[in-house]
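Participant: what shape does this take:
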Amino acid sequence: MNELKKIVHAYQATDFSQRKAALATVISVTGSSYRSPGARMYITDDGRWYGSISGGCLEGDALRKAREVMQTGVPRMVTYDTMDDENPTLGVSLGCNGIIHVLLEPIEEQNDPMAFMLKLYEQEDIDALATVYESENKQVQVANKWVFSNLTKKSQLTDIEKEIQQLLHQSIEHRRSGIQTVENTIGRYKVFLEVIEPPIHLMVFGGGYDAQPLVAMAKGLGWEVNVIDECAAHLIPVNFPEAQLTSCHRSKVSDHAAPKPYSAAVLISHNYYYDMEVMQQLLDTDIRYIGLLGPKKKGDKIKAELIEKGVEWNEDTTHRVHYPIGIDIGADTPEEIALSILAEIKAKFSGRSSGFLKYKTGPIHHKDPKSGEVFKQVYIHKSVRPAKNA
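Facilitator: Presented below is the predicted three-dimensional model:
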């Protein structure tokens, strides 16, 4: 989402009376690639670009082709075959061993793909976007788009929109992005169905010294951050630039810090009773991640006291609450601890168990076992217990 944020800001800053622009989107990947489907790059005709579609290998060629798209006003698909390391077409030996399909779209008043990106950027829950990238159907054009939340009044939909709505609904239902071929009496078309997740909303309870690198790193990832403390003296704006600051008593946390669908909470106050009361209130919400800073004994003691108070602590609660917090990377300084915590939160929301990738026996990205195509799997709203090598 940080990449989308940069793209949106660049788009909003573009003076279209002086500049032309295009949007490049990775539609599908077979084999291996640095980026997955859904990766984007915003390009202007003065040679600037924001975001990426690879590790820097394809951007130069995409920039040249994007300029052609800006001039013609016609979207086009571009295929990059990196299977052959000796292929000199791109001028580099990529070594990725994959086939990448990229859709290049001009940004014009009558056909503005960024309008959809702006809508998705403002979402606080999962949404889905459909993009046509190949068509033999007269009613469907390449680069046509639909957002799932737009397709609500079924009685007003065309047959094509009903088809798209059903596909988008299935994508959200299965929490999976991918490509789909649709064939009807008018003709065939192919559509990229993309599940879009909002940025993680991080609630940091405690505004002490060690909260500062945690907030700074989270903001660097493009996450939305709210720092909550009952001591107003801890909430110094210069210590937490761009973060939302909330001062409220521990007993009123649920009134002032309501979790969102993609929220994670970190209890970092170093105050045992504050942490316990905040945790009790958070357990009454559907927040999927609650992390408690401190030794295991502290977490065990809070758990025992909450159970004694009548708080239900079941298997789902165990998966939601994390203590000691973070991934074991040997963290010692506040900055290292922050890195450990954010890595665990990211792994939680990605449905991964973390660990060294060198020991992973399967592919890094999710792939369709039949086609070998890379797809994005979304795990939010589930108590995820990642499988071995997931």
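Participant: quick one: pLDDT of the nearest residue to Tyr323 once chain neighbours are set aside?
Facilitator: What sits nearest to Tyr323 in space, not counting adjacent residues and going by C-beta to C-beta, 6 or more residues apart in numbering, is Gly299, at 3.2 Å. In this view, the C-beta of every residue, glycine as well, is placed from N, C-alpha and C. Gly299 is assigned a predicted lDDT (pLDDT) of 97.
Participant: any idea how far whichever strand or helix holds Gly299 is from the chain center?
Facilitator: Secondary-structure assignment from DSSP states H and E places Gly299 in helix 296-308. Between the mean C-alpha location of helix 296-308 and the chain-wide mean there is a distance of 33 Å, by C-alpha atoms, centre = their mean, to the nearest Å.
Participant: for the stretch 1-150 of the chain, give me the ranges with low pLDDT.
Facilitator: In the prediction, the stretch 1-150 of the chain carries residues with pLDDT under 70 at positions 1, 83-97, 149-150.
Participant: Glu59: how many residues sit nearby?
Facilitator: Using other C-beta atoms under 10 Å, Glu59 is surrounded by 18 other residues.
Participant: tell me how far it lies from His256.
Facilitator: Distance check for Glu59 against His256: by C-beta to C-beta, to the nearest Å, it reads 44 Å.
Participant: and for Tyr34?
Facilitator: For Tyr34, the distance to His256 equals 41 Å [C-beta to C-beta].
Participant: more crowded one of those two?
Facilitator: Tyr34 (19 against 12).
Participant: in the protein, which spans are helices?
Facilitator: Applying DSSP state H to the chain gives helices spanning 2-13, 59-72, 113-121, 159-174, 211-220, 253-256, 272-282, 296-308, 315-320, 334-350.
Participant: adding distance to Thr30, write those out as a markdown table.
Facilitator: What follows is the helices of the chain, written out as a markdown table (distance: least, C-beta to C-beta, whole Å):
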| stretch | distance to Thr30 |
| --- | --- |
| helix 2-13 | 22 |
| helix 59-72 | 18 |
| helix 113-121 | 24 |
| helix 159-174 | 19 |
| helix 211-220 | 32 |
| helix 253-256 | 47 |
| helix 272-282 | 42 |
| helix 296-308 | 45 |
| helix 315-320 | 34 |
| helix 334-350 | 22 |
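Participant: tell me which of the ones you listed lies nearest to Ala143.
Facilitator: In this view, the helices of the chain are compared for proximity to Ala143 by C-beta to C-beta, and helix 113-121 is the closest at 6.8 Å.
Participant: got any ranges where the stretch 151-300 of the chain has weak pLDDT?
Facilitator: Using pLDDT under 70, the stretch 151-300 of the chain drops low at 151-155.
Participant: neighbours of Glu305, how many?
Facilitator: Burial of Glu305 is recorded as 14 neighbouring residues (other C-beta under 10 Å).
Participant: look up the closest residue to it, ignoring the ones flanking it.
Facilitator: Met276 (6.3 Å).
Participant: and Lys190, by the same measure?
Facilitator: Nearest residue to Lys190 in three dimensions, chain neighbours excluded: Glu134, at 4.2 Å (C-beta to C-beta, 6+ apart).
Participant: distance of Val278 relative to Val266?
Facilitator: 10 Å.
Participant: do Val8 as well
Facilitator: Using C-beta to C-beta, we find Val8 at a distance of 27 Å from Val266.
Participant: look at these two and report which has more neighbours.
Facilitator: Val266 (27 against 19).
Participant: beta partners for that one?
Facilitator: Assessed by DSSP bridges, Val266 has beta-bridge partners Val204, Gly291.
Participant: show me which strand runs longest in the chain.
Facilitator: For the chain, the strand with the greatest residue count under DSSP state E is strand 21-31.
Participant: report the distance from it to the chain centre.
Facilitator: 16 Å.
Participant: compute the inter-axis angle for it and helix 113-121.
Facilitator: Relative orientation of strand 21-31 with respect to helix 113-121: 70 degrees, computed using axes from the mean of the first three to the mean of the last three C-alpha atoms, to 10 degrees.
Participant: by contact count, what packs against strand 21-31?
Facilitator: Where contact means 3 or more C-beta pairs under 8 Å, 6 or more residues apart in numbering; DSSP states H and E, strand 21-31 is packed against strand 40-44, helix 59-72, strand 98-106, helix 113-121, strand 127-135, strand 188-196.
Participant: among these, which is nearest Phe356?
Facilitator: Using C-beta to C-beta as the measure, strand 98-106 is the one of the helices and strands packed on strand 21-31 that comes nearest Phe356, at 22.5 Å.
Participant: give me every residue that touches Ala218.
Facilitator: Ala218 is in contact with 200, 202, 225, 342, counting by C-beta atoms under 8 Å, 6 or more residues apart in numbering.
Participant: widest-spaced pair of the residues you listed?
Facilitator: Farthest apart among the contacts of Ala218 by C-beta to C-beta are Val225 and Leu342. That separation is 10.8 Å.
Participant: what comes into contact with the helix holding Gly299?
Facilitator: Contacting residues not belonging to helix 296-308 are listed as 272, 275-276, 279-280, 283, 292, 313, 321, 323-324 [C-beta under 8 Å, 6+ apart].
Participant: that helix versus helix 272-282: what angle between them?
Facilitator: Orientation check (the same axes, to 10 degrees): helix 296-308 against helix 272-282 gives 50 degrees.
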